[in-house]
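Visitor: With the sequence up front, the predicted model follows.
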Amino acid sequence: MSSHYQEVPDADIASESMRLRSAWQADELPSRQRKLVDAQLANYRQGIPIDVFDVMVNVLRKLTHGGANTTVLEIGCSSGFYSEVFSIAQLPVEYFGCDYSAAFIQLAQATYPQLRFDIEDATEMSYSDEMFDVVISGCCLLHIPEYEKAIAETARVVRDYVVFHRTPVVVGRPNKYFRKKAYGVETVEIHFGEADFLKSLRKYGLELIETHTLSEERDPEDSLCINANRTYVCRKLKR
Ligand SMILES: C[S@@+](CC[C@H](N)C(=O)[O-])C[C@H]1O[C@@H](n2cnc3c(N)ncnc32)[C@H](O)[C@@H]1O
């Protein structure tokens, strides 16, 4: 539900990213996103493939050898709908969710009262070191101007594996910043220069072990640039 993409000029990147940093905390977002999610979950329950769900489930099934007794934290969990995806897929992981939006967490708690959800900012979480076996950061870093800090925090709270799900990247170019509307609300979205993004993962002790490409196309306005959306699976290197 993204529209009105406009690239942010270099001179405005810092100010626009900070101005719109809290955009996803808007009260009107959770119900709008949940409408779309409910339709996707209904299809998924009937066995209709949803590519982003399928990629995540297959990755997690492989990492957890079936899922039992594995703790999984999703950072930027919105209404916690991936917990339902895992339950439909009969992946018996122990799911935890956090998000910086109180409105999203309220909806998550109301929808899945049996699960634990916390209000946490991805750049400074209250969890202890290596608290979760697997951490998923799904389509969240792209909204965080201090995304390196969020990568460092993700690496700190995980024990074994991190999945950076649905990450928009540009190949052959540095980061690009866009202003866009998400469910009608103005936000900023970072498309990461892939080479530098992978360097940042290594910097925080995350070794890339798998990449899943959800989409990939040459930029129609820049023939030397490829736009892609990928899921990166990393192993935490032990110190
Ligand atoms: C596009 S939704 C992603 C939902 C889901 N994880 C997925 O993969 O589809 C992005 C989520 O990230 C959350 N978010 C944005 N900035 C955040 C931050 N600094 N800390 C924690 N959550 C954040 C938003 O509130 C929103 O729920």
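Guide: That came through, no problem.
Visitor: where do the helices sit along the chain?
Guide: Here the chain has its helices, by DSSP state H, at 13-19, 29-45, 51-64, 81-88, 102-111, 147-157, 194-203.
Visitor: Give me the residues contacting the last one.
Guide: Right, the one you point to is helix 194-203. Applying CB atoms under 8 Å, 6 or more residues apart in numbering, the contact partners of helix 194-203 are 147-148, 151, 164, 167, 169-171, 174-175, 207-208, 228, 232, 234. Bear in mind the C-beta positions are built from the backbone N, C-alpha and C, glycine included.
Visitor: what do you get if the cut-off is 7 Å, keeping everything else the same?
Guide: For helix 194-203, contacts defined as CB atoms under 7 Å, 6 or more residues apart in numbering pick out 148, 151, 169, 170, 171, 174, 208, 234.
Visitor: How about the fifth one?
Guide: Counting by CB under 7 Å, 6+ apart, helix 102-111 makes contact with 25, 27, 29-30, 34, 77-80, 97, 99, 117, 119, all of which sit outside it.
Visitor: Can you pull up the most central residue in the protein?
Guide: Centroid-nearest residue in the chain: residue 138, 1.6 Å away (criterion: CA atoms, centre = their mean).
Visitor: hey, what's the spatially closest residue to residue 168 that is not a sequence neighbour bridged with?
Guide: Among residues not flanking residue 168 along the chain, residue 191 sits closest, at 4.5 Å (CB to CB, 6 or more residues apart in numbering). Note on residue 191: beta-bridge partners by DSSP bridges are residue 176.
Visitor: Run a quick neighbour tally on residue 191.
Guide: Residue 191 has 23 neighbours, counted by other CB atoms under 10 Å.
Visitor: ok, it - contacts?
Guide: 168, 169, 170, 175, 176, 178, 227.
Visitor: So which of those residues wins on neighbours?
Guide: Taking other CB under 10 Å as the neighbour criterion, residue 169 ranks highest of the contacts of residue 191 with 26 neighbours.
Visitor: neighbours of the closest residue to that residue other than its chain neighbours, just the number please.
Guide: Nearest residue to residue 169 in three dimensions, chain neighbours excluded: residue 194, at 4.1 Å (CB to CB, 6+ apart). As a burial measure, residue 194 scores 22 neighbours (other CB under 10 Å).
Visitor: rewinding a little: now tabulate the contacts of residue 191 in JSON lines and tack on distance to residue 201 and pLDDT.
Guide: Below are the contacts of residue 191 laid out as JSON lines (distance: CB to CB, whole Å; pLDDT from 0 to 100):
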{"residue": "168", "distance to residue 201": "15", "pLDDT": "97"}
{"residue": "169", "distance to residue 201": "12", "pLDDT": "98"}
{"residue": "170", "distance to residue 201": "16", "pLDDT": "96"}
{"residue": "175", "distance to residue 201": "15", "pLDDT": "96"}
{"residue": "176", "distance to residue 201": "19", "pLDDT": "94"}
{"residue": "178", "distance to residue 201": "22", "pLDDT": "94"}
{"residue": "227", "distance to residue 201": "20", "pLDDT": "96"}
